[in-house]
Every structure is written in C-alpha cells, then in structure tokens.
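Engineer: predicted structure and sequence below. I'll ask about it afterward.
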Amino acid sequence: MNKSVGKTLSHLLPILIVSLAYNKLTNPQVKKLREHETLLLGKAKQEDFEFKGFDIKLYEWGSGKKEILLIHGWEGQAGNFADLIEVLLENDYKVYAFDGPSHGYSSKGKTSLFEFTELVAVLIKKFKASTLVSHSFGGVATTYALYSNPDIHIEKYLLLTTPDRFIERIEDVSAFIGITDKVKQRLIKRLMNETGKDVYALNVSDFVKEINV
C-alpha cells in the first residue's frame with residue numbers, strides 16, 4: 001500500500017487500517033530461500049512437530065559433541081542459517097533449527113511473536129541444547145522465552161542484529177503502511193487486549209538481566 005494512501009485511509013477508515021496493520025503483524029511474509037540454503041535443508045534430519053495447531057518443521061544436522069539451537073527472525077526461516085550451519089558442523093557441533101509458525105516449511109496460519117516465543121521455550125527444553133544463536137526478532141522472542149522460563153539454564157547465548165524493543169516491530173509496520181499515530185495507538189491497544197501483554201515493557205535489555213545464562 002502506498003504510504004500516502006495509508007495515511008488518507010487512516011483518517012477515513014481507521015478500523016480498516018488497524019485490521020490491515022494487525023494482519024501484517026500476524027501473517028509473516030517469508031522470502032524464498034537461495035539454492036544453497038535449500039540444498040542444506042535437504043541434508044537435515046527432519047521432523048514435524050505439532051504446536052498449537054501448526055505442523056512445525058524441525059531440522060537436525062551432524063552428530064558432534066556440542067549441541068546448538070538456532071532461532072531465526074520474524075519472516076525468516078531455518079535455511080537462512082545455512083552458511084553458519086556449515087561452519088558449526090566443521091567444528092564438531094550437532095545443530096538444531098526450526099521454521100516458526102507460518103514460517104518456512106511449517107504450516108501456515110495467523111500467528112504472533114508471542115506464539116513464536118512460546119514455541120522457542122518448548123524447543124529449548126525439547127532439544128536440551130546448551131548454546132543458542134538467535135537472529136533479529138528471534139532474539140526478542142528467545143530472550144523473553146528465557147525470562148519467562150527461569151527453570152531454563154543456558155551456557156552460551158549469541159544474539160545477532162537484535163532489536164531491543166518489541167514496539168519497534170509495530171513502528172516498522174506502521175511506517176510501512178503509512179498510518180497515523182492515532183491509528184497506531186489503536187493498533188497497540190488491540191494487540192495489548194488480545195495478547196494480554198504490555199508491548200511497551202517487552203525490552204530485551206530488561207529481560208537479559210534476569211535470564212539464566
């Protein structure tokens with residue numbers, strides 16, 4: 001949508017624009033993988049894992065003594081880690097990864113970063129990996145998952161290009177559509193009502209102080 005059109009519709013049809021922005025936030029658009037990324041996925045041991053009505057695609061490579069779980073970003077997928085996976089395998093790692101709800105080769109449907117977060121916690125416990133690597137908003141989800149599950153203890157945790165505040169995702173979508181601040185506040189209110197979360201309080205820099213790493 002053209003930003004000027006979005007701004008005009010924000011004034012004329014605010015409820016419609018809130019719905020459009022909400023759908024953008026809850027329906028990830030995933031880009032096609034490059035050829036070598038697809039080839040690497042084909043070399044993985046794969047499993048379908050049921051989670052909240054989704055068939056989540058799980059991947060496993062190698063048989064090294066060290067185990068690591070990779071968490072992709074919002075609108076990303078496991079294949080995005082292809083280059084890193086190759087290096088890890090050369091360095092005696094067993095590598096786990098997954099495609100989040102409505103991401104990659106997992107089944108599709110409306111989802112959210114909070115649902116993604118719940119899955120991350122479940123998979124950390126399932127794989128029992130002592131090391132985590134997260135990318136982009138996968139870092140927000142992972143840090144919140146660790147914060148919300150103090151029973152999880154991790155030895156190492158690497159965050160790549162991670163935003164600090166969840167609200168940044170809302171601001172990105174608002175800027176992309178071109179909605180007004182008034183409509184953005186309506187969107188935030190809807191998110192908070194439906195998720196029960198204070199989106200202004202979801203800050204990585206606050207959560208990392210409390211996690212067991």
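Structural biologist: Good, I have the coordinates.
Engineer: number of nearby residues for E86?
Structural biologist: Residues lying near E86 (other CB atoms under 10 Å) number 14. For every residue, glycine as well, the C-beta is placed using N, CA and C.
Engineer: tell me which element it is part of?
Structural biologist: Assigned by DSSP states H and E, E86 belongs to helix 82-90.
Engineer: verify the stated contact: F166 with D206.
Structural biologist: No. Contact criterion CB atoms under 8 Å: F166 and D206 do not qualify, at 11.1 Å.
Engineer: give the contact list for K31.
Structural biologist: K31 is in contact with E75, counting by CB atoms under 8 Å, 6 or more residues apart in numbering.
Engineer: in the helix holding E86, what counts as buried?
Structural biologist: By 16 or more other CB atoms under 10 Å, the buried positions in helix 82-90 come out as 82, 84-85, 88-89.
Engineer: mind giving me TSV with those residues and columns for pLDDT?
Structural biologist: Listed next are those as TSV, based on pLDDT from 0 to 100:
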residue	pLDDT
A82	98
L84	98
I85	98
L88	97
L89	97
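Engineer: closest one of those to G196?
Structural biologist: L84 (34.7 Å; CB to CB).
Engineer: thinking the closest one is in contact with I71, fair?
Structural biologist: No. Applying CB under 8 Å, one finds L84 not in contact with I71, separated by 12.0 Å.
Engineer: follow-up on the earlier one: so which other helices or strands are in contact with the helix holding E86?
Structural biologist: Contacts defined by 3 or more CB pairs under 8 Å, 6 or more residues apart in numbering; DSSP states H and E place helix 82-90 against helix 35-42, strand 66-71, strand 93-98.
Engineer: got the CA positions of the first one in PDB?
Structural biologist: Okay, so that is helix 35-42. Coordinates of the C-alpha atoms in helix 35-42 are reproduced here as PDB (Å, rounded to 0.1, in the frame of the first residue of the first chain):
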ATOM      1  CA  GLU A  35      19.600 -22.500  -3.800                       C
ATOM      2  CA  HIS A  36      22.400 -23.500  -1.400                       C
ATOM      3  CA  GLU A  37      20.100 -22.800   1.600                       C
ATOM      4  CA  THR A  38      17.500 -25.200   0.200                       C
ATOM      5  CA  LEU A  39      20.200 -27.800  -0.500                       C
ATOM      6  CA  LEU A  40      21.400 -27.700   3.100                       C
ATOM      7  CA  LEU A  41      17.900 -28.100   4.400                       C
ATOM      8  CA  GLY A  42      17.600 -31.300   2.300                       C
END
